[in-house]
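[1] I need the structure of the sequence given here:
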Amino acid sequence: MYQLIPLGILLEVTAAGLGTISKQLIAWTENASPKLKKCTLTLGIFLNVIVGPIVDASAYAFAPQTVIAPFASLDVLFNAASAPCTLGWQAERLTWKHFLAAFLVAGGAASSAFFGNTPQSDITYESLLDQLLQPWSIAYYIAEAIVALLAMATIRLQSQGRLQGMALGGVAGLLMGNVFLLKGFVTLFRNAFEEDDWDAFKHVLPYMLLVGALITSALATYFMQWGLRKYKGVYMVTIFEGIHISSGCLSGDIVLGEMANSSWQRWFGYWVSVSFILAGISLINFASDNVELQLHHMSYIQSRLSVLESPSRSPHLAASVASGPMSLEKYATPITASAILVEDPSRPASAPGSISW
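    Got it, this is the predicted structure:
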């Protein structure tokens, strides 16, 4: 059934590239001008929700999920390599840890494609339905739901910090990792098209798979967009892809049973390869020191507010202060990625009535 595995891998690499572009566009909206903010956010979401999943779905039509899923890790490499240039305002720097991580991820993806390419049985409507309703598949659904609910509770309880960032990226990756939904629908559609037999689409299962894939993709994009607007791109994408790959590989093995016909040596080699990918992703994660988008510390802003409030510096602000107390939070939001009206101490004093950026 899978004679075009290289094509599937190529499509997944393309999907990873589109994923990098879409996530960076979403992250860039926090530093974009008001005129470009809506445009970049819309384009980023369009690529992430529409174009990327279509290319991704095409990849799963030509290769097993256990082969394709690890190549999503290339999104981390593409993002880590390009973020210092495209998202320079986030102050990301490439170190030796990034290059070692690149080696682990690339090597793990290549070896997982080798070990994961095992004999596959043809998927029919009956076999897919039976596989989805196996006890271990149901146990996987329950475990995933519990983890997702715990992550959402953490997001609500933690207003900021690494823990909330991990929860946002983790729940997004977990939801996006449900590629068995997309895989099942694409496989049924391909079989129906090739054999001109559409009996499977007289049942509710294909439509449930499609709707489930669309809902999980939309929810994953929501949480990912939330995280990218609060945390640095390299940090968020790393967590997202780590959970995404783990979930995709686990669901391919447990829910679809794609490793059922493999020898124990291939099964062991496959999961060692996946562990290399996760190790590389973790290394990139810990290479990032300051993960939140914070351009100025609260203490510095407090020390400069007296300048902003001075009537001789800004008549507009003076009028605002005279009409009521000034809110410090307006100028000291800890996650702000847009410019804050503070005077740059490295520049000469501005003329009266003007404010430096």
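
[2] if I pick residue 108, what's in contact with it?
    Shown in contact with residue 108 (C-beta atoms under 8 Å, 6 or more residues apart in numbering): 70, 73, 273, 274, 275, 276, 277, 278, 279, 280. C-beta here means a position set from N, CA and C on the backbone, and glycine is covered the same way.

[3] Can you show me the CA trace of the helix or strand containing the fourth one as PDB?
    When you say that, I think you mean residue 274. Residue 274 belongs to helix 264-287 when elements are defined using DSSP states H and E. What follows is helix 264-287, C-alpha atoms only, in PDB (Å, rounded to 0.1, in the frame of the first residue of the first chain):
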ATOM      1  CA  TRP A 264      11.100  -6.600  18.700                       C
ATOM      2  CA  GLN A 265      14.400  -5.400  17.400                       C
ATOM      3  CA  ARG A 266      12.700  -3.000  15.000                       C
ATOM      4  CA  TRP A 267      10.200  -1.900  17.700                       C
ATOM      5  CA  PHE A 268      13.100  -1.200  20.100                       C
ATOM      6  CA  GLY A 269      15.100   0.600  17.500                       C
ATOM      7  CA  TYR A 270      12.100   2.800  16.500                       C
ATOM      8  CA  TRP A 271      11.500   4.000  20.100                       C
ATOM      9  CA  VAL A 272      15.200   4.600  20.700                       C
ATOM     10  CA  SER A 273      15.100   6.800  17.600                       C
ATOM     11  CA  VAL A 274      12.100   8.700  18.900                       C
ATOM     12  CA  SER A 275      13.900   9.100  22.200                       C
ATOM     13  CA  PHE A 276      16.800  10.800  20.400                       C
ATOM     14  CA  ILE A 277      14.400  13.200  18.800                       C
ATOM     15  CA  LEU A 278      12.800  14.000  22.200                       C
ATOM     16  CA  ALA A 279      16.300  14.400  23.700                       C
ATOM     17  CA  GLY A 280      17.300  16.900  21.000                       C
ATOM     18  CA  ILE A 281      14.000  18.800  21.500                       C
ATOM     19  CA  SER A 282      14.600  19.000  25.300                       C
ATOM     20  CA  LEU A 283      18.100  20.300  24.700                       C
ATOM     21  CA  ILE A 284      16.800  23.100  22.600                       C
ATOM     22  CA  ASN A 285      14.300  23.900  25.200                       C
ATOM     23  CA  PHE A 286      16.800  24.200  28.000                       C
ATOM     24  CA  ALA A 287      19.100  26.300  25.800                       C
END
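
[4] Tell me the helices and strands packed up against it.
    helix 74-86, helix 96-116, helix 233-254 (3 or more C-beta pairs under 8 Å, 6 or more residues apart in numbering; DSSP states H and E).

[5] Just name the most buried of those.
    helix 233-254 (a mean of 26; mean count of other C-beta atoms under 10 Å).

[6] I'd like to know which helix or strand in the protein has the lowest mean pLDDT.
    Within the chain, no helix or strand scores below helix 298-309, which has a mean of 43 by mean pLDDT, DSSP states H and E.

[7] before we move on, the earlier item: if you average the pLDDT over the helix holding residue 274, what comes out?
    Computed over helix 264-287, the mean pLDDT rounds to 82.

[8] And this structure, what are its domain boundaries?
    Domain assignment for the chain by automatic domain parsing gives 5-287, 295-357.

[9] Please indicate which of these has the most neighbours on average?
    Of all the domains of the chain, domain 5-287 carries the top mean neighbour count, a mean of 19, counting by mean count of other C-beta under 10 Å.

[10] list the contacts for the nearest residue to residue 225 once chain neighbours are set aside?
    Nearest residue to residue 225, sequence neighbours excluded (C-beta to C-beta, 6 or more residues apart in numbering): residue 26, at 5.1 Å. Neighbouring residues of residue 26 by C-beta under 8 Å, 6+ apart: 40, 41, 44, 45, 48, 224, 225, 228, 229.

[11] between the domains of the chain, which gets the lowest average pLDDT?
    Among the domains of the chain, domain 295-357 carries the lowest mean pLDDT, a mean of 43.

[12] Would you mind measuring from the most centrally placed residue in the chain to residue 124?
    Centroid-nearest residue in the chain, with C-alpha atoms, centre = their mean: residue 240, separated by 4.2 Å. Counting by C-beta to C-beta, to the nearest Å, the gap from residue 240 to residue 124 is 33 Å.

[13] Residue 77 reaches residue 106, doesn't it?
    Yes: counting by C-beta atoms under 8 Å, residue 77 touches residue 106, with 6.9 Å between them.

[14] tell me the contacts of residue 81?
    When the contact criterion is C-beta under 8 Å, 6+ apart, the partners of residue 81 are 94, 98, 102.

[15] what's the angle from the helix or strand harbouring residue 174 to helix 264-287?
    Assessed by DSSP H and E, residue 174 sits inside helix 162-176. On the basis of axes from the mean of the first three to the mean of the last three C-alpha atoms, to 10 degrees, helix 162-176 is oriented at 140 degrees to helix 264-287.
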